[in-house]
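Student: next one to model:
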Amino acid sequence: MTKPIEIVLVDDEQLQLDYMQKLIKQAAESLGIEVSIHQYQSGEAFLFALEDHPTWNLAFLDIEMAELNGMKVARIVREKALNLELVFATAYAEYAIEGYEVQALDYLLKPISLAKITRVLTRYLEERPAEPAYIIVDIEGKPSRLNLDDLIYIEANVGETMVVLEDKTIPLKMSLTEFEKLLDERFVSTHRSYLVNLQYVSRLLKKDVALHNGEMIPLSRRRAKEVQAAFIAHYKGSVFYGD
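Tutor: Residues are numbered from 1 along each chain as shown. Okay, the predicted model is just below:
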């Protein structure tokens, strides 16, 4: 499941915050995306919260705020969170040049409309980099993050599940069925005891799946058609079959 876009609204007027939140939700619904929205009524409060949320995606900053205005906030943000996209909201067009100095994604002149918010979200979707998919699992009593791209295959063992990466194997105290629920469509069950990452498959054989590293993973007859269909869909017909 795609993660929601984390959006932050920074404005010292609560009515404007609520209005922006309403527009963003409407725009997100029209675009078929999920958003998570956070509100802050000062630049100081936003910067304090940013310390604990380095992965926020998009921030709408009002420029005309008391004490620490939006432009000053943006310059501090650029020192702390280079990947956070910034959008300025203001009634004054003369701030536009300054906005580009801090690599702002967009610049909105008030009054802000649904069309303008939709434009911003569309542009963000077009320009954002693809993010690797991660899962969180318990490793030796500590929550740990695993990049799905790094997982070659997963094998059920007695009382545990073995997660095989290029440089190590990680034992987990959970069943293969439980682990499978965390994975996405790139993983396929080739055997009741194995889940394989399609990215690491070189070819299909009658009774095995050959991986790029030379390993062979069992392929059960009962799952063969389903596995073949998954491989064909993943490689768009480029997988070939051997004896």
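
Student: could you use CA atoms for every contact and neighbour count after this?
Tutor: Will do.

Student: and the residue lying closest to residue 189 once chain neighbours are set aside, what element?
Tutor: Leaving out its chain neighbours, the residue that sits closest to residue 189 by Cα to Cα, 6 or more residues apart in numbering is residue 195, at 4.4 Å. Applying DSSP states H and E as the criterion places residue 195 in strand 194-197.

Student: gap between the closest residue to residue 91 other than its chain neighbours and residue 62?
Tutor: Spatial nearest neighbour of residue 91, excluding adjacent residues (Cα to Cα, 6+ apart): residue 110 at 4.9 Å. Distance check for residue 110 against residue 62: by Cα to Cα, to the nearest Å, it reads 10 Å.

Student: these two: who's more crowded?
Tutor: residue 62 (26 against 12; other Cα atoms under 10 Å).

Student: residue contacts, the more buried one?
Tutor: Contacts of residue 62 were listed using Cα atoms under 8 Å, 6 or more residues apart in numbering, and they are 10-12, 69-70, 88-90.

Student: and those residues, which is closest to residue 232?
Tutor: Nearest to residue 232 among the contacts of residue 62 is residue 88, at 45.6 Å by Cα to Cα.

Student: give me the element that closest one is part of.
Tutor: Here residue 88 sits within strand 85-90, counting by DSSP H and E.

Student: adjacent strands (with direction) for that strand?
Tutor: Partners of strand 85-90 in the sheet, by DSSP bridges, are strand 58-62 (parallel), strand 106-109 (parallel).

Student: let me see the mean pLDDT of the longest one.
Tutor: Okay, so that is strand 58-62. For strand 58-62, mean pLDDT rounds to 94.

Student: repeat that for stretch 107-124.
Tutor: Average pLDDT, stretch 107-124: 93.

Student: dihedrals phi and psi, the spatially closest residue to residue 220 that is not a sequence neighbour?
Tutor: Counting by Cα to Cα, 6+ apart, the nearest residue to residue 220 once its immediate chain neighbours are dropped is residue 191, at 5.3 Å. Per-residue torsions, residue 191: phi -160, psi 160 (degrees, to the nearest 10).

Student: tell me what residue 191 is bridged to.
Tutor: Residue 191 forms beta bridges with residue 194, as assigned by DSSP bridges.

Student: need the contact list for it.
Tutor: By Cα under 8 Å, 6+ apart, the contact list for residue 191 reads 218-220, 223.

Student: neighbour count, distance to residue 182 and pLDDT added to those, as a markdown table?
Tutor: What follows is those, written out as a markdown table (neighbours: other Cα atoms under 10 Å; distance: Cα to Cα, whole Å; pLDDT from 0 to 100):
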| residue | neighbour count | distance to residue 182 | pLDDT |
| --- | --- | --- | --- |
| 218 | 16 | 22 | 97 |
| 219 | 21 | 22 | 96 |
| 220 | 17 | 23 | 95 |
| 223 | 14 | 20 | 94 |
